[in-house]
Each structure stands twice: as structure tokens, then as C-alpha cells.
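Chemist: Provided below are the primary sequence and the corresponding predicted coordinates.
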Amino acid sequence: MTEEGHVWAWGDNEASGLGFQGSNYGVQKIIRTPTRVPNLDQYADRMTYIAGGNGWGEALLDDGTVIGWGLHAALGQGTTKTNISSPEPVVVMKNVAQLYARYVGSIALTEDGKIYTWGQTGGSAFPMIYGASPTLRTPHANDPVVSVGGGKEHVFYQTESGAIYGVGYNDLHKIDQTKCCASSIDWPGKGVAIGNTQ
């Protein structure tokens with residue numbers, strides 16, 4: 001995003017993930033230099049966050065609306081098929097205070113403190129992390145959620161007390177630092193130790 005109110009993009013535009021008409025999902029279509037994305041001009045000066053993943057992009061607008069473009073299976077549009085995509089932005093959900101988007105899906109914290117996730121649901125830990133549509137998740141009780149984040153195949157949320165919980169792919173100490181090769185973790189997640197655990 002630039003101060004002039006435009007979005008510029010470059011890289012792999014498979015499935016129209018950069019906001020230009022692109023190739024099919026899984027087929028690279030490289031845009032080598034930063035190029036202005038006309039489809040996002042009307043939203044650029046309202047974006048407070050912008051990110052993307054494999055064949056898609058998303059932005060959080062200043063009114064709490066999440067928009068996305070590219071692969072619909074990653075945008076919470078109710079499909080698991082990877083042959084549906086568009087460079088035109090679609091509304092994913094509203095009333096969002098924080099958004100974290102990466103790789104194949106997203107996690108959002110709403111204005112009223114609820115957690116929703118959406119994204120691709122095929123492979124690895126994706127089915128337990130995401131949903132084909134924005135899916136309400138139940139965090140640990142009696143401790144309001146204040147922030148969300150994540151990694152490649154896992155998501156985190158932090159509560160008012162400072163506790164951090166992780167959900168998803170748990171191999172190589174990603175969530176449970178006591179185990180190298182561990183099973184994926186489902187909602188509401190496992191507490192993550194903070195500080196040096198060695």
C-alpha cells in the first residue's frame with residue numbers, strides 16, 4: 001500500500017492471488033516487477049492490514065470488513081475446490097478487529113472478542129485449523145482473547161492474562177516445546193511456554 005492510496009504487487013500470481021487475472025491454482029504466473037493493482041484502488045486508502053498466501057490475498061478495512069481476492073477455497077467462500085478464483089475482491093466477513101493471514105488460511109478476532117478461522121481444509125493440520133467458511137472457534141474459557149497470529153500451518157491466540165495457545169501442526173516443537181514429533185493440536189489449543197525452556 002502506498003501513501004497515494006494504491007496497492008502494488010509482484011511475485012507468483014497463480015489463481016489471481018495478486019489481484020490480476022492469473023493462472024490456475026498450482027500454475028505459476030510470475031509478475032516480475034511491482035505493478036499497480038487496479039482492482040484494489042477503491043479499498044487501498046481504507047486498508048489497515050494486507051497479507052496473502054498460496055494463490056490469494058486479503059485485507060482488513062478500517063470499518064472491520066475483510067476482503068479477499070484469488071483462490072476462493074482460501075477465502076472462506078464455502079468451497080473446498082481449488083478451481084474457483086477471481087481477481088475481483090469478495091467480502092469474507094465483517095466486525096473484525098484483528099486479522100492474521102498466511103499460507104492457506106486466516107484467523108480473525110472480532111470486535112466482540114470471538115475467534116473465527118477460514119481457509120483450505122485439505123492436507124496436514126488444515127482441517128482442524130480452518131473451515132470452508134468463517135468458522136467460530138471456542139478458546140479456553142473465562143480469559144478474553146486479545147490478539148491472534150500464526151505460522152505456516154498453525155495459529156496462536158493470546159488471552160488477557162497473557163497466556164498463549166496454539167492450534168494446528170505441532171511437529172518440531174512448534175506448539176508443545178517438550179516434544180519434537182507430536183500430533184497436531186485441535187481447538188481450543190495447547191498452552192505455549194514462554195521464555196527459555198531448555
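Modeler: Sure, I can see it. Numbering: from 1, shown residues only.
Chemist: excluding sequence neighbours, find me the nearest residue to residue 65.
Modeler: Leaving out its chain neighbours, the residue that sits closest to residue 65 by C-beta to C-beta, 6 or more residues apart in numbering is residue 94, at 5.0 Å. For the C-beta atoms, the positions are set from N, CA and C on the backbone; glycine is no exception.
Chemist: who's in contact with the one you found?
Modeler: Counting by C-beta atoms under 8 Å, 6 or more residues apart in numbering, residue 94 touches 63, 64, 65, 66.
Chemist: so what's the residue count around the second one?
Modeler: Applying other C-beta atoms under 10 Å, we find 17 residues neighbouring residue 64.
Chemist: tell me how far it lies from residue 28.
Modeler: 34 Å (C-beta to C-beta, to the nearest Å).
Chemist: and what of the first one?
Modeler: Plainly put, residue 63 is 34 Å away from residue 28 if you go by C-beta to C-beta.
Chemist: buried residues, stretch 68-86. List them.
Modeler: Buried positions in stretch 68-86, judged by neighbour count with 16 or more other C-beta atoms under 10 Å: 68-77, 82, 85-86.
Chemist: which of those fall in strands?
Modeler: 68, 69, 70, 71, 85, 86 (DSSP state E).
Chemist: I figured the second one was touching residue 16, is that so?
Modeler: Yes: here residue 69 lies in contact with residue 16, judged by C-beta atoms under 8 Å, at a distance of 6.5 Å.
Chemist: just the strands from the chain, written as ranges.
Modeler: 8-12, 30-36, 47-53, 56-61, 66-71, 85-93, 96-102, 105-110, 115-119, 135-137, 145-150, 154-159, 164-168, 185-191.
Chemist: from residue 54, how far out is the nearest residue to residue 28 once chain neighbours are set aside?
Modeler: Nearest residue to residue 28 in three dimensions, chain neighbours excluded: residue 12, at 5.1 Å (C-beta to C-beta, 6+ apart). Here the criterion is C-beta to C-beta. By it, residue 12 lies 9 Å from residue 54.
Chemist: for residue 120, phi and psi?
Modeler: Dihedral pair for residue 120: phi -70, psi 140, per degrees, to the nearest 10.
Chemist: burial count for it?
Modeler: Residue 120: 25 neighbours (other C-beta under 10 Å).
Chemist: can you list the low-confidence ranges for this structure?
Modeler: Low-confidence segments of the chain (pLDDT under 70): 123-125, 171-174, 176-180, 195-198.
Chemist: so the residue nearest to residue 28 makes contact with residue 27?
Modeler: No: with contact defined as C-beta under 8 Å, residue 12 does not reach residue 27; the gap is 9.5 Å.
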